Structure formats: C-alpha cells, structure tokens
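**Student:** Could you work out the structure for the sequence below:
(one chain, ligands or ions: 2)
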Amino acid sequence: MRIISPSLLSADFKNIKKDIQLVESSGAKRLHLDVMDGHFVSNLTFGPMIINAIRQCTDLHLETHLMIENPHNVLDHYIRAGSDTVIIHLEASQNAIEDLTYIRKHNVCAGIAINPDTNEQHLEPLIEFLDYILIMSVYPGKEGQNFISSTLKKMKNMVEMRKSRNITIAVDGGVNLETISKVYETGIDITIVGSGLFKAENIPQRYKDLLDA
Ligand code: DX5
Ligand code: ZN
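**Tutor:** Ligands and ions are numbered 1, 2, ... in the order given. The predicted structure is shown next:
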C-alpha cells in the first residue's frame, strides 16, 4: 500500500501548524510524532504538552513513537495528550504485553517498534496484543540517516507473519525518493517520511512524488 505518514520531527516547529496544514492538504491522513527521552536514545525532543498542542491543530490520526526507556509509567500522559496510536519499543519495555494491553484498554491502537538489529521473531508471542508494528530502518535517535537495506527482508517477513490479522505494518527511517520504491515492494502499509518530505522546497509536490515513485 502507498500511505505516507509525515514525521513532524523534520518539520518547521516555529511554523508547525502551517506544515501540518501543508501535508494535510496534500492528502496525508496521519502524522508521526517522535518522542525521545535522552536515555533510550541520546536526543531529547518533545513530550505530551506539545502533542496536545498538535492535537488541537488537526484531526489527523496521530501516531506517537515513544523512544523512551521503560515507557510504562508515562503511557497515560501520551494517551491523554490525544494520541490515536501509541508505539513503544520492544527494547525499552520491561513488560511489552502489559504495556500494549494498557494502551488498548484506553481505546488507543497499541504499537511496537523494533530496532534494525532486533529479530522480528521476538514479535511472534506479542502478535495478538498488537494493532501496529513499526520496523525501524535506521537506529532510532535522529532524522536524516541512511536507510538500512537489510531491513527490507524483515518487512517482507512481517507481512507474512501477520497473515490475515488486522495489524498495520509501518517502516520508519531513511525513506526518501531514492529508497521508497523498495519499501513499497515489500507490501507494508505505512511509510514514515521525515526529512525526505519536509526538507523539500515544495512539500506538496514532494508528497505527490513520493506517492508516485
Ligand atoms: C528516527 C525517527 C524517525 C525520523 C524519520 O529516530 O523515529 O521517525 O524522524 O526521519 P527520516 O525520514 O529523516 O529518517
Ligand atoms: Zn519515528
């Protein structure tokens, strides 16, 4: 499928509402929000207060990607901020089933992300607890990194593993005009694009070019 979820990390935060409106009028139906805690990854970005402000700018589906060590104690903040999907990292959670169940209990889609060096077989016991799987095609922590091609196989494997289950599979990191067609070939559902979209001179045109690539 060709669905692009713009990653706001690469957007212009002093004009965030304008960038949201640009991708919304280009046809985006969802936005990807990268929360970094300075522990699980070295960068720090934003938290629930900013997500709540973004919530007030748009009705688009908000997927919140938590790059947070032991997310358990803060899940509630990100749910209440207005996320429609909350994604934890398998590597950061002490009890993934408990965390995913907690997210679902609050009528929010429960997602899990795996780093490029995490074997996708680790997701098998969690599959019944998941609405969303995020395959990282870079090591999390910053925008604008190079796509790791060996993760393409993982995407194909995940598409097979989910069978007919109602689970969304997404890819995050290093996707741009050069790499996106290989991602589409894997059969995953959602492609997250940050710098490959927001750093373009003409964002609506780039959105269209990424869809047509
Ligand atoms: C990486 C983040 C990504 C990032 C994507 O840690 O999770 O969502 O913003 O940015 P690009 O598309 O520039 O790699
Ligand atoms: Zn992300």
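**Student:** And the residue of this protein closest to ligand 2?
**Tutor:** residue 65 (3.8 Å; C-beta to the ion). Bear in mind the C-beta positions are built from the backbone N, C-alpha and C, glycine included.
**Student:** What's the local residue count around that residue?
**Tutor:** 28 (other C-beta atoms under 10 Å).
**Student:** distance of it from residue 192?
**Tutor:** In this view, residue 65 and residue 192 are 8 Å apart by C-beta to C-beta, to the nearest Å.
**Student:** Spit out the residues that contact the two alike.
**Tutor:** Shared contacts of residue 65 and residue 192 (C-beta atoms under 8 Å, 6 or more residues apart in numbering): 32, 134, 172.
**Student:** So which bits of the chain are right by ligand 1?
**Tutor:** 7, 9-10, 32, 34, 65, 138, 140-145, 172-175, 192-196 (C-beta under 6 Å from any ligand atom).
**Student:** Where strands are concerned, which of the residues you listed count?
**Tutor:** In this view, those that belong to strands under DSSP state E are 32, 34, 65, 172, 192-193.
**Student:** what's the farthest-apart pair in these?
**Tutor:** By the measure C-beta to C-beta, 65 and 193 form the most distant pair in those, at 13.4 Å.
**Student:** before we move on, the earlier item: which ones are touching the residue of the chain closest to ligand 2?
**Tutor:** Residue 65 neighbours (C-beta under 8 Å, 6+ apart): 32-35, 87, 111, 113, 134, 172.
**Student:** and it, what are its bridge partners?
**Tutor:** residue 34, residue 87 (DSSP bridges).
**Student:** Show me what stretch 70-77 is in contact with.
**Tutor:** So stretch 70-77 is in contact with 47-48, 66, 68, 86, 88-89, 92-95, 98-99, 102-103, 106, going by C-beta under 8 Å, 6+ apart.
**Student:** Give me the buried entries from those.
**Tutor:** Restricting those to buried positions leaves 47-48, 66, 68, 86, 88-89, 92-93, 99, 102-103, with burial counted as 16 or more other C-beta atoms under 10 Å.
**Student:** Filter the residues you listed down to just the ones in helices.
**Tutor:** 48, 99, 102-103 (DSSP state H).
**Student:** got those as TSV, with pLDDT and distance to residue 160 columns?
**Tutor:** Putting those into TSV (pLDDT from 0 to 100; distance: C-beta to C-beta, whole Å) gives the following:
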residue	pLDDT	distance to residue 160
48	98	36
99	98	25
102	98	28
103	98	25
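**Student:** name the element residue 16 belongs to?
**Tutor:** With elements taken from DSSP states H and E, the one containing residue 16 is helix 16-26.
**Student:** give me every residue that touches residue 118.
**Tutor:** So residue 118 contacts 90-91 (C-beta under 8 Å, 6+ apart).
**Student:** Repeat that for residue 46.
**Tutor:** For residue 46, counting by C-beta under 8 Å, 6+ apart, the contacting residues are 33, 35.
**Student:** got it, and residue 169?
**Tutor:** Listed by C-beta under 8 Å, 6+ apart, the contact set of residue 169 reads 132-133, 135, 155, 158-159, 162, 188-190.
**Student:** can you tell me which residues contact the closest residue to residue 186 other than its chain neighbours?
**Tutor:** Once flanking residues are discounted, residue 186 sits nearest to residue 155: 3.9 Å by C-beta to C-beta, 6 or more residues apart in numbering. Going by C-beta under 8 Å, 6+ apart, residue 155 touches 135, 169, 171, 183, 186-188.
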